[in-house]
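Chemist: Based on what follows, work out the 3D shape:
(one chain, ligands or ions: 1)
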Amino acid sequence: MDNSINVIGAGLAGCEAAWQIAQRGIKVNLYDMKPAKFSPAHKSSNLCELVCSNSFKADRIDSAAGLLKEELRLLNSLVIKCADKCRIPAGGALAVDREKFSAMVTDKILNHPFINFISREVEKIPREGTTIIAAGPLASESISKDISELCSGELSFFDAAAPILTAESINMNKAFFQSRYDKGDGSDYLNCPLSEEEYMEFYEELISAERAPIHGFDVADPKVYEGCMPVEVMAKRGVDTLRFGPMKPVGLKNPETGKRPFAVVQLRKENSEGTLYNMVGFQTNLKFGEQKRVFSKVPALKNFEIIRYGVMHRNTFIDSPRLLNSDYSMRENKNLFFAGQITGVEGYMESVSSGLISGINAARRVLNQESFCMPKITMIGALSKYISDEGILNFQPMGANFGIISPLNEVIKDKKMRYNEFASRSVNYINSINI
Ligand SMILES: Cc1cc2nc3c(=O)[nH]c(=O)nc-3n(C[C@H](O)[C@H](O)[C@H](O)COP(=O)(O)OP(=O)(O)OC[C@H]3O[C@@H](n4cnc5c(N)ncnc54)[C@H](O)[C@@H]3O)c2cc1C
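Modeler: The predicted structure follows:
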């Protein structure tokens, strides 16, 4: 019986998934539309192409990005192995010579006896057999259509997203929990009030802040839906526009003054644990440094820590919390898997991690073995649990960060010590398993 597995897309996630399957002795048909057809961001005919930066972020194990990479090393990831070999000096970050890196992964993939590479655009996802869909954030139009049919819904294309902050970095003495007109659960929204003077200062900084170049290609200044208009664009419509929009104070009373604030920035829980908050209606395309500078003018956010900056570019991703299990298979069809940025993990190594887990599990499916999920004490597990967490209603992509990992049993105030403890907990776990 042919138990080969299809992998659609030979980017970061697809190459890792194919490798994991092949290393388990199962044949893989790996498809990519390159070099016959390129997305607007892909340029090289090699596989596993880095479409933008050549950095995989920090390499220190006591950083979220560094821990993720260490976990991938411990789990025998092909992509991280090639990245380590193609490393170029970049301070504390792991950056690579992008050409060498892609060429090395391509060579490993093309020469693996169990991987059959097929250069073809896949327009329809096979509904029979075992398949991993790893067509990326710029998946071709035909497959995007089929994916949205398969998922019974529109794919989310976000043009602009709001920053996400850590709860611990918000000054709770200058913020208060309340829903407008006291509707719903009182802890749904955390309000950061501004006086008239504070608002005016914030407003002036916002409208004069520098915007980032659009990570886009189709148009220089893409039309955005009103619903996700960058806050800096909206602000330019007039000094009070935000006070009638995302910063409206109606239905709120500051318990400290007993009065309605002049304006508020509302924060909403981003995860079930309440360790992360997003800035409601604050989707933005400001440069990262400008986001930090301008938004810290809000008194409660003076020392805030952003774990995901607001960004603007085309990004195709599915509503994973309603569609996927934490092994990246579909709830409706356990033989169909998604991997990579299209699942809502965000970033190169995050995509690799989902490729690794989906590859391992696709192989286990055809070998009739139990599904394998990493626990939330690991960064890989925290990401897979995040994207499959049904409690997340307005799902937006998520990169590695310590806000999504399980808290420690003891409280460690010192950040560096706490992060080191996260790292050793995860490494000890991975060293104890055999997968
Ligand atoms: C403009 C832009 C800039 C980015 N910059 C960064 C950055 O600096 N750092 C970072 O960490 N992340 C960045 N990202 C996110 C980045 O895309 C992901 O981190 C990573 O590339 C995702 O890996 P993936 O495997 O999911 O998709 P990809 O690496 O994009 O791989 C998808 C593959 O699928 C193929 N494909 C698509 N449709 C089909 C089809 N129908 N049939 C066959 N093959 C198909 C494509 O040719 C491609 O090779 C950026 C994304 C975009 C869009």
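
Chemist: In contact with Pro321, which residues?
Modeler: 387-393, 395 (CB atoms under 8 Å, 6 or more residues apart in numbering). The way it works is simple: take the backbone N, C-alpha and C, and place the C-beta from them, glycine included.

Chemist: So for the closest residue in space to it that isn't next to it in sequence, what's the pLDDT?
Modeler: Using CB to CB, 6 or more residues apart in numbering and skipping the chain neighbours, the partner closest in space to Pro321 is Ile392 (4.7 Å). On the pLDDT scale, Ile392 is placed at 92.

Chemist: quick check: domain ranges of the chain?
Modeler: Using automatic domain parsing, the domain parsing of the chain gives 5-158+315-432, 164-308.

Chemist: Averaged pLDDT, stretch 26-45. What do you get?
Modeler: Average pLDDT, stretch 26-45: 93.

Chemist: hang on, the earlier thing: wait, the residue nearest to Pro321 touches Asn271, no?
Modeler: Yes. Judged on CB atoms under 8 Å, Ile392 makes contact with Asn271 at a distance of 6.8 Å.

Chemist: Find residues that contact each of these two.
Modeler: Residues touching both Ile392 and Asn271 (CB under 8 Å, 6+ apart): Tyr386.

Chemist: for the ligand, what are the nearby residues on the stretch 51-200 of the chain?
Modeler: 51-53, 121-122, 134-140, 143 (CB under 6 Å from any ligand atom).

Chemist: re earlier: please identify the most buried of the domains of the chain.
Modeler: The highest mean neighbour count among the domains of the chain, using mean count of other CB atoms under 10 Å, belongs to domain 5-158+315-432: a mean of 20.

Chemist: what about it, how long is it end to end?
Modeler: With CA to CA, to the nearest Å as the measure, the first residue of domain 5-158+315-432 is 29 Å from its last.

Chemist: what does stretch 44-63 give?
Modeler: Its start and end residues considered, stretch 44-63 measures 31 Å (CA to CA).

Chemist: related to what we said a few turns ago, strands - which of the contacts of Pro321 land there?
Modeler: The strands, defined by DSSP state E, take in nothing from those.

Chemist: from those residues, which are also near the ligand?
Modeler: Among the contacts of Pro321, no residue lies close to the ligand (CB under 6 Å from any ligand atom).

Chemist: out of those residues, who's nearest the ligand?
Modeler: Within the contacts of Pro321, the smallest distance to the ligand is 12.5 Å, found for Ile387 (CB to the nearest ligand atom).

Chemist: Am I right that that closest one is in contact with Gln341?
Modeler: No. Using CB under 8 Å, Ile387 and Gln341 do not qualify as a contacting pair, with a distance of 10.8 Å.
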